[in-house]
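Enquirer: Pasting the sequence and the predicted coordinates here, then a few questions.
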Amino acid sequence: MINYQQIVLEAVEISKSYPSKSGSGMLEVLNEVDLKVHNSEIAAIIGSSGSGKSTLLHLLGGLDHPDTGEVYWEQKPIFKWKQDKLAEERNRQVGFVFQFHHLLPEFTAIENVYLPGLISGKPLKEAEQRAASLLEKLGMSDRTEHRPSQLSGGEQQRVAIARALMNNPSIILADEPTGNLDEKNTDIILNQLIELRETEQVAMVLITHEKEIASRCDTIYELKQGKLHRFEETH
Ligand SMILES: Nc1ncnc2c1ncn2[C@@H]1O[C@H](COP(=O)(O)OP(=O)(O)OP(=O)(O)O)[C@@H](O)[C@H]1O
Ligand SMILES: [Mg+2]
């Protein structure tokens, strides 16, 4: 039974500034941003280039620290953890998908998928089975032994999604996951993500610049001048 009310990811008043390009002051990218993502929810974040979308995603995933504020994964404050504990929890709870897949070129599709499982201590057989079932759900059963260079862009991205799901994360953080793909592949992947959030019970934060993609998500936020605005209810 999916509990849609459970908050799996929360950001509370996170702020982030960088030294400005001229070097004379600070560029305020995020100004006390709040966000709540519920179990199995897909939240889209849109915003112009340079508005701070990737910065926000990195903070939500604990890849970088905010100047102030806190991020919670399943109600636990992540920046209270030491670096190695944070890395361990991240490997278990969060899956990342980027615009460019970052697959390891010397490994096959299935090896790329199960590696995070081995790193988190799963036995090889169990990891292989989980990886095979994820690749099957993504329509990639006949591509498991191919290396990334032997796969199309859309197929590579589906391997990256399977890899992100390997450790049963509660949340997927995706930065322009279809930014590099044509319309057909974008549609396939979006349909698969929407299905996977039910079958895998995983929430997603999806950064996109495409309004058509955002409109298929449960909630849409726009990042503008350091603030996150709830855009509209889609259904
Ligand atoms: N490590 C950094 N040091 C200094 N400035 C940075 C750093 N990272 C990002 N910035 C600046 O912060 C702002 C937000 O960058 P960010 O990458 O989050 O934007 P974005 O919304 O993801 O843009 P895009 O749509 O082009 O990917 C930009 O002005 C960028 O130059
Ligand atoms: Mg970006």
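Expert: That came through, no problem. Ligands and ions are numbered 1, 2, ... in the order given.

Enquirer: At which residues are the helices of the chain located?
Expert: 53-60, 83-93, 109-119, 124-137, 153-165, 183-199, 211-214 (DSSP state H).

Enquirer: Throw those into JSON lines and include mean pLDDT and mean neighbour count, thanks.
Expert: (Glycine included, C-beta is placed from N, CA and C.) What follows is the helices of the chain, written out as JSON lines (pLDDT from 0 to 100; neighbours: other C-beta atoms under 10 Å):
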{"stretch": "helix 53-60", "mean pLDDT": "97", "mean neighbour count": "22"}
{"stretch": "helix 83-93", "mean pLDDT": "94", "mean neighbour count": "14"}
{"stretch": "helix 109-119", "mean pLDDT": "96", "mean neighbour count": "22"}
{"stretch": "helix 124-137", "mean pLDDT": "96", "mean neighbour count": "17"}
{"stretch": "helix 153-165", "mean pLDDT": "94", "mean neighbour count": "24"}
{"stretch": "helix 183-199", "mean pLDDT": "91", "mean neighbour count": "16"}
{"stretch": "helix 211-214", "mean pLDDT": "88", "mean neighbour count": "17"}
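
Enquirer: Give me the residue at the spatial middle of this structure.
Expert: With the centre of the chain defined as its mean C-alpha position, the nearest residue by C-alpha atoms, centre = their mean is L173, 1.4 Å away.

Enquirer: tell me which residues form a beta bridge with that residue?
Expert: On the basis of DSSP bridges, L173 is bridged to F96, V205.

Enquirer: and the gap between it and ligand 1?
Expert: Using C-beta to the nearest ligand atom, to the nearest Å, L173 is found at 13 Å from ligand 1.

Enquirer: follow-up on the earlier one: and L223, which of the helices of the chain is closest to it?
Expert: The closest of the helices of the chain to L223 is helix 53-60. By C-beta to C-beta, the value is 5.6 Å.

Enquirer: check whether that closest one contacts ligand 1.
Expert: Yes: on the criterion C-beta under 6 Å from any ligand atom, helix 53-60 is in touch with ligand 1 at K53, S54, T55.

Enquirer: Relative to ligand 1, how far out is the closest residue to the second one other than its chain neighbours?
Expert: If you skip the residues right next to it in sequence, S54 has D175 as its closest partner in space, 5.6 Å away by C-beta to C-beta, 6 or more residues apart in numbering. For D175, the distance to ligand 1 equals 7 Å [C-beta to the nearest ligand atom].

Enquirer: Likewise for D34?
Expert: Where ligand 1 is concerned, D34 sits at a distance of 17 Å (C-beta to the nearest ligand atom).

Enquirer: In contact with that residue, which residues are there?
Expert: Residues counted as contacts of D34 (C-beta atoms under 8 Å, 6 or more residues apart in numbering) are A11, V12, E13, I14, L228.

Enquirer: From L228, how far out is it?
Expert: Distance check for D34 against L228: by C-beta to C-beta, to the nearest Å, it reads 7 Å.

Enquirer: Thank you, goodbye.
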